[in-house]
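K.L.:
Provided below for reference: sequence and predicted model.
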Amino acid sequence: MSEIAQRAWTAEGQVRIPHSAFRIDRHWPLLLLFAFIVCAPLTYPGYVQTHSGFLPVYNLYDLEAGGWDLRWAPVVGRDFDLLRGEGPLPYLLAEAPRWLGAGGVTVVKIVFGLGLSLGALGMYGWTRQQLGRRGALLAALVYLCWPYALATVYVRGALAEALFFGLFPWTLWALRRGVALAIGVALLVWTQPGLALWAALALLVYGLAVKNGGQETASEQGRHWVLTVAAVLGGLLLGAAGLWPLAATRGLGGTDVAFSKHFVYPFQLLSPAWGHGVSGPGWQDDFPLQLGLMAVGLATVAVVLLSRSAAPRGAYGRAPLQGSLGLCLVLTFLSLTWAAPLWRLPGLSQASRTLTYPWQLLALVGPFLALLAGSAVTLGLEHESEDTAGLRPYTAALIALILLSSYGYLEPRTTRYEPGAAPLAVLGDNDLLLLDAQVEGSLQPGRTVRLRVHWQPLRPLAKDYTIFVHAVDETGQRWGQQDTQPQSGTYPTSQWQVGEVIEDRYELRIAADGPPTGYHLDLGLYDLQTGERMRVGKDNRVVIGRTP
Amino acid sequence: MSSNRKSQIANRKSAIRNPQSTGRRRFSLYGALALLLCVFAIGPYLAPGYFWGAHDARHDVYFLFEYDRSVQDGIWFPRWSPDFTFGYGYPFFIIYGPLASFVGELLHHFLGLGWTAAVEVVFALSIIASALAMYGFVRSWLGRAAGLVAAVAYVYVPYHLVNLYVRAALAESVAMVFLPLVLWGARSAVRRPRLSSVVGLALAYAGLMVTNNLVTLIFTPVMAAYLLLLALAELNDDQPLRELSRQSILPLLANMTRIALPVVLALLLGFGLSAAFALPALSEARFVNQEQWYGGYYDPFAHFVYPHQLFSPAWGFGISQPGPDDIAEGALSYQLGIVPVALAVVSLLVAARTRRAAVRRELVFFQALAVALILLTLPISAWAWRHLPLIGYAQFPWRYLMLVTIPLSVLAGSVAHSIPQSAIRNPQSLLPALVLAALLILGSSPYLRVEVREPTPEQGPVSYAALMRFQRTSDEMTGVTAWVDPERRPHWSAMAENYVQGRPVTTKVDYSKVPQNETLAVHSLELGSAHEKVWFHAGDDRQRILFNRFWFPGWRAWLLDGENGRPVRELPVEREEGPLARIVVPLPQGEGYLLLRFEDTPVRRLGKAITGVSLLLLGVMVVASLFSRVVTEANRPGD
């Protein structure tokens, strides 16, 4: 190792950062500016059309309607599943801006933005000592622009996972700070319980990897390790305690998921393809599962440089990078089709109970991959001082390249539809939301009535359903009807995109010889082949316009 | 002030003013690169065909077509465009800067380029010139590498590409050449007040004015703010403002005068040079109906940019749509460009860490300018649009994105400023600038395309008939004067019908009002773009000729002493009392020849005179400068 290279690292392996007592690190506001760019699509004066549709908004309203019950869970449009489902924390956080008068759509978007911004800031804070300011800035930016994170927000609309994305780096930052670590783990549990268990495991493994080799005695190392284990376990317990009232009431719950059909094909990790479809069985997903060109590219460079690096072993030297590499490889491998046999083994088989899809493990890969990516710069420039002005254009170029590589993904589908407090109905097995229905015209004999509705599919509909609208009197007798394919047959339900808001209009005439009053409309869907109706309510129909 | 302090200031100023005092030979390399890297932006114009579908692509061609109509009559500085509004005509070049059309006309007239080719070449020239202008400006204070990056950023920043390929805004694209030139001139006039600086600023400002008066109006406050910053900094350098005392007031005033004089002189000269166009534009613009261009669809409050649009990668070729869904509706993009923005953000670090206070000051200015101009495009600035003067002239809030391209480019360039000047001769020093330039081009590469289309019958091939169809189908080039009833303005005409039917229009006399008998008989002898000569016979002095031309100040009628004779008597020209407010010429009893001609009003003549005097002054200054230089060279010791 050259003398110059050695000088770049402290005895503990930290990168030397020039200090001035009262200087604020300007990279923090810089990161916030970059975070604003990435969050810019959320400023659209409407909502993003994601797989989750308006469920985050409806669940938020449901929380408020439920009177802050400790047993509350976000189950509007979803089955209850304690481990796979969302925790309450994102919704509790969203309540803060609600108190300031913000609408449901706005606060949900704020939480999404918070997830992205917190992630970047946490990443910078966590890696700053290890990588120096320049490396940490790039690591944070890689994490911020990471395609998986952008897909979580702009394609899936997974509120809890977005917040998880924001909190996880902070937990990593707190790794050697007992109480903070425990709180961090508890927050993760309250955000996404199943994923939090995996995160706890990753924290333990990483904590073991970064033991401060050479600088501490064996007993000190042991004490640190015990402290880390205790903090993680304490955090899990704290999190579990928070969820206890819910679990005691509802148990663990459960959802039918085809976990084994959603493994990632290796090529998908490197594919630049970007789509808004849902994850499906097989390799032809229209859902992005890429790790990101810049993240993988820079991480690869880092691995090469690491072998020739002057960085010492220890807490802030090679060990975190090697630990990160190991975690990236293992977690990514577990999401691949190659790992399918492993998931059938005892232990892992039960562990699959914590995830809906195997690729959710990629959420944990993010920080470690970003750390590696940022370290490429630190390792590549370890002979240079942090403040070498001549390097600034290259740093700027890397920053621009990282942003540019994900720029095309900052184009979510949007809608100006304003959701109400709750959907009018949830049809099927949480397949379809009837957002609203407006009757135009009076329900009287001889009159033509128009019905304007908004649908939002939550899952792909396999069949081309027919929609029926019946004008029914108090006795249940039918006095008018229209049965039609959506949008006059031009947009069959099998083509509906998950999360899309679909406006449709129906028109029917009430028979002139019907009773003078007491009508309502029955609305529903059925399969024309079998006549079987999509499940909703008591009689598989939504009642609209019934006069009290 | 101690001599020591003076010496320090002198040294500092020297370093600030001339960061490139070494390595002059390198100029050609960086400058040439700035020029060469324009090739990707010019590329789309090399495709066969013409981008007829672009917003103003048809306008550009027909503006040139109209300009050429005047040139064919020997009028190289036209004011009246005869074929606007279905042949009723319009004083288009009084209110619209003619420089872009003039350059196109040079290419068409002297090089024989076709209409569309001439327009495309003007676009290409504007790209090259704007790159070189930005290079020159940024190089003058941030160095060559920064100049190169800024030049590339300026060309490839998405809104510039929108102007070039989507909006086909020819005048605005040419105006973008002058914006950095004005800033460069302003900076030089304050920091290095020499004759060349004064002349440079004057020419640049005049050029901007005769290219696009609208851009000039909205850009002038920016220039004023920059001048103020530079002047205050200069003043502070010479006489630190913190050390002011009662005794230093007079020297302060003297200093202020010394700093302000070259700038004021330059701006006066610039206005003087452009006065032939600017004075009538300012004073006679009120004689055309402007509500057509500011109401309805053009309501600025319907066209604010939404923040997400500034960072959306989407790209469209449609026109601006009200609301936040422009892109979804295929409209034009309002993005700032992710690479320029990233570099602008990094410039915060550059500004914070640079040791040169003057550079920091100017970078902070451009950062603040970028923020302020971006805010003007957003709904948050609605109050400013309602209450502050000049802002509303932009017509569409997103038009301020054109001004945003300047600070974005400067700030992008500033990132390369950190390359040590001592290393500028080292070929390796080029690498970071090239990396940044490549990244800027890469970031905009998906947008380097035009929509080449075959012209529809409403668009081309370029002819009178197509022009009339274009006016009818698009309601463009259908401006009217202030006296025309906007509700009853023409939507077609007999002249337009003749053109469409392939019949020549040989007169604009309204023959429906001419009985052609002993009471009144008229025969048109000659029709030009801005004149018509007729023979008439009037049975009494109550007869009059009605011309199918909108009345406007400057139309004059003369009685000639023969068919090819001289004007001997001026006849009154009246405005028709009707919705079209056409030209009416009362005739004297008898037979004669009448010449109706569009001439200069006193304001136009005054403008021309001021321009003439300014040109003379400019010539004298240049000659005097050259003479002085020759004398100095001759007297140099040892020669």
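P.N.:
Cool, got the structure.

K.L.:
quick one: name the residues of chain A near chain B.
P.N.:
Within chain A, the residues that sit near chain B (CB under 8 Å from any CB of the partner chain) are A:26, A:29-30, A:33-34, A:37, A:40-46, A:387, A:389-390, A:392-397, A:399-401, A:403-404, A:407-408, A:410-411, A:414, A:416. Using the backbone N, CA and C atoms, a C-beta is placed for each residue, glycine as well.

K.L.:
inside strands: which ones of those residues?
P.N.:
Per DSSP state E, strands hold the following members of the residues of chain A next to chain B: residue A:414.

K.L.:
buried only: go through the residues of chain A next to chain B for me.
P.N.:
A:30, A:34, A:37, A:40-44, A:46, A:389, A:392-397, A:399-401, A:403-404, A:407, A:410-411, A:414 (16 or more other CB atoms under 10 Å in any protein chain shown).

K.L.:
distance of the residue lying closest to residue A:37 once chain neighbours are set aside from residue A:48?
P.N.:
Among residues not flanking residue A:37 along the chain, residue B:311 sits closest, at 5.2 Å (CB to CB, 6 or more residues apart in numbering or on different chains). In this view, residue B:311 and residue A:48 are 14 Å apart by CB to CB, to the nearest Å.

K.L.:
what do you get for residue A:364?
P.N.:
Where residue A:48 is concerned, residue A:364 sits at a distance of 24 Å (CB to CB).

K.L.:
please apply the same query to residue B:383.
P.N.:
29 Å.

K.L.:
could I get the full set of strands for chain B?
P.N.:
For chain B, the strands defined by DSSP E cover B:520-527, B:531-538, B:544-550, B:555-560, B:567-571, B:574-575, B:582-586, B:590-598.

K.L.:
do the stretch 401-548 of chain A as well
P.N.:
Assigned strands in the stretch 401-548 of chain A, in chain order: A:414-415, A:425-427, A:432-440, A:448-457, A:465-472, A:478-484, A:502-509, A:520-527, A:542-544 (criterion: DSSP state E, counting those that start in this stretch).

K.L.:
tell me the mean pLDDT for the second one?
P.N.:
Looking back up the chat, that one is strand A:425-427. Mean per-residue pLDDT for strand A:425-427: 94.

K.L.:
helices and strands around that strand, which ones?
P.N.:
Judged by 3 or more CB pairs under 8 Å, 6 or more residues apart in numbering or on different chains; DSSP states H and E, the packing partners of strand A:425-427 are strand A:432-440.

K.L.:
tell me the angle of the strand it packs on relative to strand A:465-472?
P.N.:
Counting by axes from the mean of the first three to the mean of the last three CA atoms, to 10 degrees, strand A:432-440 lies at 40 degrees to strand A:465-472.

K.L.:
can you show me the CA trace of strand A:432-440 as CSV?
P.N.:
Output of strand A:432-440 as CSV, limited to C-alpha atoms (Å, rounded to 0.1, in the frame of the first residue of the first chain):
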residue,chain,number,x,y,z
LEU,A,432,-62.0,-4.6,-8.7
LEU,A,433,-63.0,-1.4,-7.0
LEU,A,434,-66.2,0.4,-7.9
LEU,A,435,-65.0,3.9,-7.0
ASP,A,436,-68.2,5.8,-7.4
ALA,A,437,-71.5,5.8,-9.3
GLN,A,438,-73.6,8.8,-10.2
VAL,A,439,-77.2,8.5,-11.4
GLU,A,440,-78.3,11.1,-13.9
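
K.L.:
measure residue A:28 to residue A:123 for me?
P.N.:
Taken as CB to CB, the span from residue A:28 to residue A:123 is 12 Å.

K.L.:
who's more crowded, the two?
P.N.:
Taking other CB atoms under 10 Å in any protein chain shown, residue A:28 and residue A:123 do not tie; residue A:123 has more neighbours (31 against 15).

K.L.:
mind checking how far the residue nearest to residue B:144 when sequence neighbours are not counted is from residue B:86?
P.N.:
Closest residue in space to residue B:144, ignoring its immediate chain neighbours: residue B:30 at 4.0 Å, by CB to CB, 6+ apart. The spacing between residue B:30 and residue B:86, counted by CB to CB, is 52 Å.

K.L.:
tell me the contacts of residue 142?
P.N.:
No chain in the question, so chain A it is. Under the criterion of CB atoms under 8 Å, 6 or more residues apart in numbering or on different chains, the neighbours of residue A:142 are A:292, A:294-295, A:298, A:369-370, A:373-374, A:402.

K.L.:
look at chain B instead
P.N.:
Residue B:142 touches B:19, B:150, B:359, B:410, B:413-414, B:416-417, counting by CB under 8 Å, 6+ apart.

K.L.:
domains for chain A, by residue range?
P.N.:
A:28-415, A:425-544 (automatic domain parsing).

K.L.:
just say which of those is most tucked in.
P.N.:
Mean neighbour count (mean count of other CB atoms under 10 Å in any protein chain shown) peaks for domain A:28-415 among the domains of chain A, with a mean of 20.

K.L.:
do I have it right that residue B:214 meets residue B:391?
P.N.:
No - look at residue B:214 against residue B:391 with CB atoms under 8 Å: they stay out of range, at 11.9 Å.

K.L.:
can you tell me the closest non-neighbouring residue to residue A:55?
P.N.:
residue A:77 (4.5 Å).

K.L.:
which ones are touching the spatially closest residue to residue A:360 that is not a sequence neighbour?
P.N.:
Nearest residue to residue A:360, sequence neighbours excluded (CB to CB, 6+ apart): residue A:195, at 6.2 Å. Contacts for residue A:195 (CB under 8 Å, 6+ apart) come out as A:161, A:164, A:188, A:354-355, A:360, A:363-364.

K.L.:
nearest to chain B among the residues you listed?
P.N.:
When the contacts of residue A:195 are compared for distance to chain B (CB to the nearest CB), residue A:161 comes out closest, at 21.9 Å.

K.L.:
all helices for the stretch 351-500 of chain B, in order.
P.N.:
For the stretch 351-500 of chain B, the helices defined by DSSP state H, counting those that start in this stretch cover B:357-377, B:382-387, B:400-416, B:430-444, B:464-474, B:494-500.
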